[in-house]
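Asks: I'd like to go over a predicted model; first the sequence, then the structure.
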Amino acid sequence: MSLTQSTEHGLGSPLPEATLGDPYGRQYRLASLAGTKGLLIAVTCNHCPYAQAVWPRVIELARRSRALGIATVAVNPNLNPAYPDDSIAGMRAEIDRRGIDFPYLADADQALSRALGAVCTPEFFLYDKGGLVYHGRLDDNWKEPDKVTHHELRDAIEALATGRPVPADQKPSLGCSIKWL
């Protein structure tokens, strides 16, 4: 595991054009997945301990966000044969095991992750109709949910949903490096 920190990506950048498949063979156009107020993209995977630790919080946040008009999609850029947990079969198993109820898509050619400027898992990108409004971490304690004191992504989602400005203080994500092909 190689700890990597996300890099700054231009707020206001448009949502990249992309069509990705889920592990069941369905294809999704990214823009069509957005809710009425926005789209949260979680670049994540199955093998990374940082991603594993936050999956339950991401799933809960996705449920809360859906009720606020913000849809969630998870994107796996790590379909690298050296990481079999991140394979299509591994994605199906993760969906079943965790009860993921939003699209978990394979970025097989890693084009979307590159367009986003993603470098680690997990890494979060929140878009409204005008472009990127939040890029960074989920919260301030990836390992111990009971010790979280700052919920940056949740706060950004709530601000977006209620028409308030998204906080400008955005901390980088920390996680495993993307396994570039």
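Replies: Yep, that arrived.
Asks: Count the residues that sit near residue 128.
Replies: Neighbourhood size, residue 128 [other Cβ atoms under 10 Å]: 17. In short, each C-beta sits where N, CA and C put it, glycine included.
Asks: no no, residue 172
Replies: Residue 172: 16 neighbours (other Cβ under 10 Å).
Asks: confidence score at it?
Replies: Predicted confidence (pLDDT) for residue 172: 94.
Asks: From residue 107, how far off is it?
Replies: To residue 107, residue 172 is 20 Å away according to Cβ to Cβ, to the nearest Å.
Asks: How about residues contacting stretch 146-162?
Replies: For stretch 146-162, contacts defined as Cβ atoms under 8 Å, 6 or more residues apart in numbering pick out 37-38, 40, 61, 64-65, 68-70, 124, 126, 128, 133-134, 136-141, 164-167, 169-171.
Asks: How about the secondary structure of residue 97?
Replies: Assigned by DSSP: H, G, I helix; E, B strand; the rest coil, the conformation of residue 97 is helix.
Asks: Mark which of the contacts of stretch 146-162 are buried, thanks.
Replies: Neighbour-count burial (16 or more other Cβ atoms under 10 Å) is assigned, among these, to 37-38, 40, 61, 65, 70, 124, 126, 128, 133-134, 136-139, 166, 170.
Asks: Go through those residues and flag which are in strands.
Replies: 38, 40, 70, 124, 126, 128, 133-134, 136 (DSSP state E).
Asks: mind giving me JSON lines with those residues and columns for pLDDT and distance to residue 49?
Replies: Output for these, formatted as JSON lines (pLDDT from 0 to 100; distance: Cβ to Cβ, whole Å):
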{"residue": "38", "pLDDT": "98", "distance to residue 49": "29"}
{"residue": "40", "pLDDT": "98", "distance to residue 49": "22"}
{"residue": "70", "pLDDT": "98", "distance to residue 49": "27"}
{"residue": "124", "pLDDT": "98", "distance to residue 49": "17"}
{"residue": "126", "pLDDT": "98", "distance to residue 49": "24"}
{"residue": "128", "pLDDT": "97", "distance to residue 49": "31"}
{"residue": "133", "pLDDT": "97", "distance to residue 49": "28"}
{"residue": "134", "pLDDT": "97", "distance to residue 49": "24"}
{"residue": "136", "pLDDT": "94", "distance to residue 49": "19"}
